[in-house]
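In: the sequence and its predicted three-dimensional model are supplied below.
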Amino acid sequence: MAVTHGHYGTVRGGSHFLAPDNDLTWGAGTINIDGVGMVSVNEGTLEWTVDEPNGVVAFTTDTGDNDNCCLMLGAFQPSTQGGMFCEARFKFNSATLGSVFVGFTETLVLATPVMPAEFATATMTYNGSGGMIGAQFDTDATTNDFRACAGDGGAVSGSIVGGASVANGIRANETIAADEWYLVRVEVDVDGTGRIYVGHKGRGLDLISEYDTAPITNSDLFYAICMFENRSAAARVFEVDYFFAEAHADWEVT
């Protein structure tokens, strides 16, 4: 049968958080924040930051080590949606006591979300049973930095342009400071290859990693996520200016 094409060929989700709501306390389960889903380990609070422009929402985690909050959009499938990308701009109130991941993940347990990748001392650990690609920042590292990484089935996967797999990620060589804006953009092509960018104080984004062998299976379904996690037994504040993800409509769905 013929497949009808509509006018809305772009599948896009996200928010610039320009619509303040009452300050909220979140608990178990998924909540919706101005069109963006959020899940977490343990409860927390969110409030709008009113002394900065653009629309900013601040998440305060619970007080346990590994308590977290995870903004999420999905699902996306690169093989049928012409590729996909996500982008987030954010900052944190401690340069030494938190972890961030921005990118795509196949595995996301909504009741107890886990970082797709974690870095401790000098080693990257790939979590979950599915594919993932993104930029990871972790203050459990000996040297704090954003690292481009990709994996599948709990192990590193894919190869970068001009080289092989890099199990411990590729450093962005950023200066890490509290209360400064960082920006991460992750692009995935229709074949599962892609690129990871990080920006800080420069006017443009820096290309950190480009894959020429797909690290993920392009027919799998992925969540776009922007996730923060404690690295100490104390509440942390994670502020997000915006979080968006985009792909193209799969008109073959009947």
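Out: Nice, thanks for sending it over.

In: check the offset of the host helix or strand of Val102 from the chain's centre.
Out: For Val102, the host element (DSSP states H and E) is strand 98-105. The chain centre lies 4 Å from the centre of strand 98-105; the measure is CA atoms, centre = their mean, to the nearest Å.

In: can you list the strands that it pairs with?
Out: strand 132-138 (antiparallel), strand 222-230 (antiparallel) (DSSP bridges).

In: what sits up against the helix or strand just after it?
Out: Later in the chain than strand 98-105, the nearest helix or strand by DSSP H and E is strand 117-120. The contact list for strand 117-120, computed with CB atoms under 8 Å, 6 or more residues apart in numbering, reads 99, 101, 124-127, 132, 134, 136, 138, 140-141, 147, 149, 151, 168-169. C-beta here means a position set from N, CA and C on the backbone, and glycine is covered the same way.

In: give the PyMOL command for selecting the buried subset of these.
Out: Here is the PyMOL command that selects the buried residues among those (16 or more other CB atoms under 10 Å):
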select buried, resi 99+101+124+126+127+132+134+136+138+141+147+149+151+169
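
In: could you give the bridge partners of the residue lying closest to Glu229 once chain neighbours are set aside?
Out: Spatial nearest neighbour of Glu229, excluding adjacent residues (CB to CB, 6 or more residues apart in numbering): Asn68 at 3.8 Å. Beta-bridge pairing for Asn68 (DSSP bridges): Val41, Glu229.

In: look up how far Met115 lies from Asn68.
Out: Going from Asn68 to Met115 by CB to CB, to the nearest Å gives 7 Å.

In: what's the burial count for Glu43?
Out: Counted by other CB atoms under 10 Å, the residues lying close to Glu43 total 13.

In: correct me, but it touches Gly29?
Out: No: with contact defined as CB atoms under 8 Å, Glu43 does not count as touching Gly29 (10.5 Å).

In: sorry, back to before: please enumerate the shared neighbours of Asn68 and Met115.
Out: 227, 229.

In: now do the strands in the stretch 1-150 of the chain.
Out: Under the criterion DSSP state E, counting those that start in this stretch, strands of the stretch 1-150 of the chain are mapped to 10-15, 24-26, 31-33, 36-41, 44-49, 56-60, 68-76, 84-92, 98-105, 117-120, 123-126, 132-138, 146-152.
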